[in-house]
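In: Compute the structure for the input listed below.
(one chain, ligands or ions: 2)
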Amino acid sequence: MAKKEEKKAGKKEDAKMEKKSAAEEKTEVDRLREELLINRKNGFFSVTDEQLKEADEYCEGYKEFLDLCKTERECVAYAIEKAEKRGFRELDSNAVYRPGDKVYFNNRGKSIILAVIGKKGCREGVRISAAHIDSPRLDLKPYPLYESNDLALLKSHYYGGIKKYQWTAIPLAMHGRIVKKDGSFVDVRIGEEPGEPQFCVTDLLPHLGAEQMSKPLSKAIEGENLNILVGSRPVRTETGKGESLFKLNVMRLLNEKYGVTEEDLVSSEIEFVPAWHAQDMGFDRSMIGAYGHDDRVCAYPALTAILDCKTPEHTAITVLADKEEVGSEGNTGLNSSFLRYFVETLAQQDGVEARDVFTRSQCLSADVCAAYDPIYASAYEPANSCFLNNGVSVMKYTGSRGKSGTSDASAEFMAQVRNLLFQNDVLWQTGELGKVDAGGGGTVAMFIANLNVDVVDVGVPVLSMHAPLEVTAKLDIHMAYRGFKAFFETPIGK
Ligand code: MN
Ligand code: MN
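Out: Ligands and ions are numbered 1, 2, ... in the order given. Sure, this is the predicted structure:
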């Protein structure tokens, strides 16, 4: 090798060394970054194709559940049917339960508790997953039916937090129960099957909407105007004249089909809900669009987790509650005592005090969270938001105006839950309900925490929450199932 060439080669060697040390330095920084910082990446990159396939398959069952169960009553009936097939029996306070026994308590057909008795019974506390099965909708007023200018309509009183403009000009289905004076009842479900009629709330045409369009969204559609169009033909008379003929024709049809009169509607619970069915969303079919994800997207995983639960260490409990959307008040909501009574019954069997059981218990309050929406970015704080496809969201607190109206989970319990999810390979994330002071909301967490239970909110991120069509990601839904199941089957903490 000539001298000149040697020199050249030496330079090359130096450059190589420099390059190498730069690479080493990068490795060290990478190592530090890996060890010390959170690496937030889309959940898609953290799961296998097999896991994606599993999630997609699991969601086929969920979509079926969504279509069958648009009201709390329908959810409870579904849960009982599935549970009985899996060996669950109605709670009997005189029975003696053994590990692996499966029981349920049906609270007035509108909320339900299901439990699998653990090896330790409830002596060292129970594990509770609590979701809700009521969703925002249009309920009927006690005297709903009226006619006006040759149209028959039903007056509604909305239930839960809705943006009223979203409920006009969409197809609605009628679900519910009408109870007659003698206590007999009929269940109503119109507008779901092909060929059945549907209903709607009309909206003003844009051509004449100048005044309406200049109002703020909250005022453009009044609550009193959410009246549902149900008919436009009168009862036929000789003269073509008569009182309330349009209203009468609707009642005539309802009477023919259900044997009810106008007064029977006073003792009814009729809910008008979007008539469309759950559908895959996106070219990649990665999401589901449907009515009532909040909170059936957590209720279904919590239900299937208890149905699939192998005999756990601590008694495992799934609660599907009513009335969350109106503050959990009422005897079928979680601010009532029905969960306490249920646990008291089990505690009695084990010869322990219910208060000691609760004090040692843990709960995942299974409710949805607001997924980050880039279109409305200004409502979110991106560093502390949850995102579609990043897994189940563990929310330390919800609430509004400085953490009011929430249960702020302890650091200790947060640690136990994140460890549980990590140990069981469950994709999870955390976040807040939007920006500080942007608004806020609550869940059932605080009502269960008030029984002196450790509680944290764990749920599925949702886009367009409370809209007639909400969107969730299939991967997150399956992760919720895996999370709840792991919570039941893996002893953590105390
Ligand atoms: Mn909810
Ligand atoms: Mn809600």
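In: From here on, just use CA atoms for contacts and neighbour counts.
Out: Fine.
In: Give me every residue in the protein lying close to ligand 1.
Out: 294, 295, 367 (CA under 5 Å from the ion).
In: In helices, which of these appear?
Out: Under the assignment DSSP state H, the residues of the chain next to ligand 1 contribute 294, 295 to helices.
In: quick one: residue 112 and residue 103 touch, right?
Out: No - taking contacts as CA atoms under 8 Å, residue 112 lies outside contact range of residue 103: 10.6 Å.
In: Residue 362 versus the residue of the stretch 51-200 of the chain found nearest ligand 1, what's the distance?
Out: Residue nearest to ligand 1 within the stretch 51-200 of the chain (CA to the ion): residue 132, separated by 6.6 Å. The gap separating residue 132 from residue 362 is 18 Å, by CA to CA, to the nearest Å.
In: Which one of the two is surrounded by more residues?
Out: residue 132 (32 against 26; other CA atoms under 10 Å).
In: Next, the contact list for the residue nearest the centre of the chain, please.
Out: Residue closest to the average C-alpha location in the chain (CA atoms, centre = their mean): residue 295, at 1.3 Å. Shown in contact with residue 295 (CA atoms under 8 Å, 6 or more residues apart in numbering): 131, 132, 133, 134, 135, 367, 368.
In: one more time with 7 Å
Out: For residue 295, the contacting residues are 131, 132, 133, 135, 367, 368, by CA atoms under 7 Å, 6 or more residues apart in numbering.
In: correct me, but the last one touches residue 292?
Out: What that stands for is residue 368. No - shown here, residue 368 and residue 292 do not form a contact pair, counting by CA atoms under 7 Å, at 10.9 Å.
In: biggest strand in the protein, by residue count?
Out: strand 137-148 (DSSP state E).
In: ok now the helix or strand following that strand, how far from the chain's centre?
Out: Downstream of strand 137-148, the first helix or strand assigned by DSSP states H and E is strand 151-159. Here the centre of strand 151-159 is set off from its chain's centre by 26 Å, with CA atoms, centre = their mean, to the nearest Å.
In: What count of nearby residues applies to the residue nearest to the residue of the stretch 51-200 of the chain closest to ligand 1 when sequence neighbours are not counted?
Out: Leaving aside its sequence neighbours, residue 132 sits nearest to residue 321 (CA to CA, 6 or more residues apart in numbering; 4.4 Å). Here the number of neighbours of residue 321 (other CA under 10 Å) works out to 30.
In: repeat for residue 195
Out: Using other CA under 10 Å, residue 195 has 7 neighbouring residues.
In: any low-confidence regions in the protein?
Out: 1-25, 492-494 (pLDDT under 70).
In: Quick check on residue 203: phi, psi?
Out: Main-chain dihedrals, residue 203, degrees, to the nearest 10: phi -130, psi 160.
In: before we move on, the earlier item: can you pull the contacts of the residue of the stretch 51-200 of the chain closest to ligand 1?
Out: Shown in contact with residue 132 (CA under 7 Å, 6+ apart): 295, 299, 320, 321, 322, 324.
In: Swap in 6 Å and give it another go.
Out: By CA atoms under 6 Å, 6 or more residues apart in numbering, the residues touching residue 132 are 295, 320, 321, 322.
In: beta partners for residue 112?
Out: For residue 112, the beta-bridge partners under DSSP bridges are residue 106, residue 320.
In: In a strand, residue 187, correct?
Out: Yes - Residue 187: assigned to a strand according to DSSP: H, G, I helix; E, B strand; the rest coil.
In: ok, the spatially closest residue to it that is not a sequence neighbour - contacts?
Out: Nearest non-adjacent residue to residue 187, counting by CA to CA, 6+ apart: residue 177, 4.4 Å away. Residue 177 makes contact with 186, 187, 188, 268, 269, according to CA under 6 Å, 6+ apart.
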